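>>> attaching a predicted model along with its sequence, questions to come.
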Amino acid sequence: TQQPLGGKAQFGGQRLGEMEVWALEAYGAAHTLQELLTVKSDDTVGRNRIYEAIVKGEEARPPGLPESFYVLVKEIESLGLSIELRETDGPGHSAPPQIEEPAVEEKEESTAALDSLIGDLEGLES
């Protein structure tokens, strides 16, 4: 799910439990909570966008969806249920969805690199 590892030994991320989330919510720290639950957690696309905005000196764009959400969608689809995501402008209004799933090209490049590595390892066994 692309979430940070746990524990100091694995250079893991900060643990944010359910009660901590409630406390931040009670204090009205919505932006901090959004950052902790998306960009600093497992929103890999959003993390790259924010990094680019910082480097270029631009205003940060809103974060995307966390990878764990895509896992949830796939689990629901595996039950035979169809999911249609909609982004709303307000009550009673809906806009076309603008949800970005990680690019297929990035996944294909990673798969090709892994296949190449496996081929190299198989060549060593011969």
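On my side now, so go ahead. Numbering: from 1, shown residues only.

>>> ranges for the strands of this structure?
Using DSSP state E, the strands found in the chain span residues 87-90, 93-95.

>>> worst average pLDDT in the ones you listed?
For those, mean pLDDT drops lowest on strand 93-95, to a mean of 52.

>>> could you check how far residue 16 is from residue 66?
Distance from residue 16 to residue 66, counting by CB to CB, to the nearest Å: 13 Å. (Each C-beta comes from the backbone N, C-alpha and C, glycine too.)

>>> buried stuff in stretch 73-85?
Going by neighbour count (16 or more other CB atoms under 10 Å), the buried part of stretch 73-85 is residue 73.

>>> now that stretch - C-alpha only, CSV.
Provided in CSV are the C-alpha atoms of stretch 73-85 (Å, rounded to 0.1, in the frame of the first residue of the first chain):
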residue,chain,number,x,y,z
VAL,A,73,-11.5,-0.1,-4.6
LYS,A,74,-9.9,-3.3,-6.0
GLU,A,75,-11.1,-5.3,-3.0
ILE,A,76,-14.7,-4.0,-3.5
GLU,A,77,-14.4,-4.7,-7.2
SER,A,78,-13.2,-8.3,-6.4
LEU,A,79,-16.6,-8.8,-4.7
GLY,A,80,-18.3,-8.0,-8.0
LEU,A,81,-19.4,-4.5,-7.1
SER,A,82,-18.9,-1.6,-9.5
ILE,A,83,-17.6,1.7,-8.2
GLU,A,84,-17.9,5.0,-9.9
LEU,A,85,-16.1,7.9,-8.3
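
>>> gap between residue 62 and residue 50?
Relative to residue 50, and taking CB to CB, residue 62 is found at 10 Å.

>>> tell me which of these two has more neighbours.
residue 50 (20 against 10; other CB atoms under 10 Å).

>>> skipping adjacent residues, who's closest to the more buried one in space?
Nearest in space to residue 50, with sequence neighbours left out and distances taken as CB to CB, 6 or more residues apart in numbering, is residue 60 at 5.1 Å.

>>> now for the one you found, how many residues are close by?
14.

>>> do residue 21 as well
13.

>>> how about the helices in the protein?
Secondary structure of the chain, counting by DSSP state H: helices at 18-26, 30-37, 44-56, 67-78, 104-125.
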